[in-house]
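# Need coordinates for the below:
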Amino acid sequence: MTRSHRSSHLRSQCVAIASAVLVFGGVRPAWSSTVAPADVTQIVASASAIVHATAISSASHWNEDHSLVVTDTRFRVHETLKGEPAATITVRVPGGQVGKLLVEVPGVAGFAPGAEVVLALAPDRRGMLRVASGGGGRWDVETDRHHETKFVRGPTLHDARRSPQEPALPKAAGAKSPPGLSELLQDLRDVIRASAASGGR
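Just a heads-up that it's a prediction; the model follows:
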């Protein structure tokens, strides 16, 4: 590769990274305690599919027009709460590593193999599934080994029902524990059922 070609290739990589920051820099991590969570009812309404699943494998590559590195993660589905049931699904997130090029998008986290999650998903213009509501439709499942229970990190129905004047629950001693996985799944089923009854999707 000539010097001019190397320079051009490097510039294109820099543009890709800059594009990732500009386009996706506003995405808020669902697990952050410093931002207001999205309304769960809005997340459910905007999603074409909602699943409880575990990540199997991930692969990073350039997108179709070679403007951004993306990562596709394949999931084994345990339960489909909304949408057409499927044994496995593939979800795309911006960012990832191709060769020596690492593209990290602020506020966007990938999925490690074995990660258990509940995801609200919507297709992009190419039909690829992405996390709905700008990344807000993601609940990471964690296990309390001591009590052998599972809980989730992400927006809850309490957050959705809280009035704008009511402060968020503090992350301090005495604060309410994160919701259990079974509690979240039942809440989502209830919201989906209520949406369907009112003529929603």
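# drop to CA atoms for contacts and neighbour counts, all remaining ones
Will do.
# Just the C-alphas of the helix or strand harbouring Arg193, formatted as CSV.
Arg193 belongs to helix 181-197 when assigned by DSSP states H and E. What follows is helix 181-197, C-alpha atoms only, in CSV (Å, rounded to 0.1, in the frame of the first residue of the first chain):
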residue,chain,number,x,y,z
LEU,A,181,-36.2,-10.8,36.6
SER,A,182,-39.6,-12.4,37.1
GLU,A,183,-41.0,-9.1,38.3
LEU,A,184,-39.8,-7.3,35.2
LEU,A,185,-41.0,-10.0,32.8
GLN,A,186,-44.5,-9.9,34.4
ASP,A,187,-44.6,-6.1,34.3
LEU,A,188,-43.7,-6.2,30.6
ARG,A,189,-46.3,-8.8,29.9
ASP,A,190,-48.9,-6.6,31.6
VAL,A,191,-47.9,-3.5,29.6
ILE,A,192,-48.0,-5.4,26.4
ARG,A,193,-51.4,-6.9,27.2
ALA,A,194,-52.7,-3.4,28.1
SER,A,195,-51.3,-1.9,24.9
ALA,A,196,-53.0,-4.6,22.8
ALA,A,197,-56.3,-4.1,24.6
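# quick check: mean pLDDT across it?
The average pLDDT within helix 181-197 is 91.
# Number of residues surrounding Ser67?
Neighbour count for Ser67, taken as other CA atoms under 10 Å: 15.
# Ser58 too?
18.
# what bridges to it?
Thr73 (DSSP bridges).
# what sits against it?
Applying CA atoms under 8 Å, 6 or more residues apart in numbering to Ser58 gives the contacts Thr71, Asp72, Thr73, Arg74, Phe111, Ala112, Pro113.
# okay, now the closest residue to the fourth one other than its chain neighbours: neighbour count?
Spelled out, that is Arg74. In space, and not counting its chain neighbours, Arg74 is closest to Thr90: 4.4 Å by CA to CA, 6 or more residues apart in numbering. Counted by other CA under 10 Å, the residues lying close to Thr90 total 17.
# surely Thr90 meets Phe75?
Yes: between Thr90 and Phe75 a contact is recorded at 6.1 Å, counting by CA atoms under 8 Å.
# in the helix holding Arg193, what counts as buried?
For helix 181-197, burial by neighbour count (16 or more other CA atoms under 10 Å) applies to Leu181, Leu184, Leu185, Leu188, Arg189, Val191, Ile192.
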